[in-house]
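Peer 1: Structure for the following, please:
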Amino acid sequence: MCRLLGMLAQSPVNAYKYLVKDPCSLFNQSQANPERLQSDGWGIGFYRNGEPRIYKSEKPVYSENKRFSSLAEAIRSTILIAHVRHASNPKGLPRQSLIALENTQPFTYKNYVFAHNGIINIPDEVAETLGPWKQKIKGVNDSEVYFWFIVKEMEEGKSLSEAIKCFKDTLNDLWQENFSRHSDKKAPCIGLNLLFSEGERLYAYCDYDKQETEKSYCYKDQDEFQMCYLHYPRKLIVASEKTNLEDRWRPLESNQLLTGQVRDGKVEITLQRI
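Peer 2: Okay, here's the model as predicted:
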């Protein structure tokens, strides 16, 4: 599965420690499990003067050490979302069609930046619910369908929490209608973990089946899909798994949405269940 890292800060800083330097940094996570190398692309999204900027590559992040490290050190922003990819393939497509820049995350539209860890097992069925937004899909990554569904709902006036709930309800309804056509799959999805920003807040949503998960890659002390976070007065870090053992990481439970925002010069967080 893919790995995620997000940062929200009171003032522009870099995330080099968590992206590269730490023993279980995002970069090191990409190689921590030899059976699940994050070899299918990477991306870093951030904001400059209020506008989203994205650097992406379809190559393995561990083959582009210098480029990734240089970017991690150079990028200074109040919000950052990074992703390393282990490609999912619910459609059973040839591998060569999966590895392309348009399939690499984070995805972006207007001021939205989004990254997902998991698998949407019925992406074609979900795509048919998008209406005109279906034309926005550029690649074959099932995560992109999740992204455009969230964008569609938010552009129609829903909050992110409402959009996620609508996606889950729609996904479950579609599964009930179509599961007989997918006898090789047990559920409509495997993990709905996401990082999201609209340029002012950082959101992290954790959603996975605790019965269908392995252990985290580096320290093997949490579920593979159980996200965690660090919260300080001036900084919030969210990760697929802790990047070190010295900081006081807190777990995100399944079905929890964390929202971080800067208010009166301090980073504040709220947690809600969806």
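
Peer 1: When you work out contacts or count neighbours from here on, use the C-alpha atoms and nothing else.
Peer 2: OK.

Peer 1: what ranges do the strands span in the stretch 101-250 of the chain?
Peer 2: Assigned strands in the stretch 101-250 of the chain, in chain order: 107-109, 112-120, 189-197, 201-206, 228-232, 235-239, 250-251 (criterion: DSSP state E, counting those that start in this stretch).

Peer 1: can you put those in TSV and add mean neighbour count, mean pLDDT and distance to residue 142?
Peer 2: Listed next are these as TSV, based on neighbours: other Cα atoms under 10 Å; pLDDT from 0 to 100; distance: least, Cα to Cα, whole Å:
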stretch	mean neighbour count	mean pLDDT	distance to residue 142
strand 107-109	19	98	12
strand 112-120	25	98	6
strand 189-197	24	98	10
strand 201-206	25	98	17
strand 228-232	18	98	24
strand 235-239	25	98	21
strand 250-251	16	98	26
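
Peer 1: avg pLDDT for the lengthiest helix in the chain?
Peer 2: Of all the segments assigned as helix in the chain under DSSP state H, the longest by residue count is helix 160-178. Mean pLDDT, taken over the full extent of helix 160-178, equals 98.

Peer 1: next one: that helix to chain centre, how far?
Peer 2: Taking Cα atoms, centre = their mean, to the nearest Å, one finds the center of helix 160-178 at 18 Å from the center of the full chain.

Peer 1: List the buried residues for that helix?
Peer 2: Applying a neighbour-count criterion of 16 or more other Cα atoms under 10 Å, the buried positions in helix 160-178 are 160-161, 163-164, 166-168, 171-172, 174-175.

Peer 1: what's the answer for stretch 5-16, then?
Peer 2: Buried residues in stretch 5-16, counted by 16+ other Cα under 10 Å: 5-10, 13-16.

Peer 1: Select, from the residues you listed, the two members most distant in space.
Peer 2: 5 and 10 (17.2 Å; Cα to Cα).

Peer 1: that older thread, which elements pack onto the longest helix of the chain?
Peer 2: Helices and strands touching helix 160-178, by 3 or more Cα pairs under 8 Å, 6 or more residues apart in numbering; DSSP states H and E, are helix 123-127, helix 142-155.

Peer 1: Need the contact partners of that helix.
Peer 2: Helix 160-178 is touched from outside by 122, 125-126, 146, 149-150, 153-154, 187-188, 257, 274, with contacts defined as Cα atoms under 8 Å, 6 or more residues apart in numbering.
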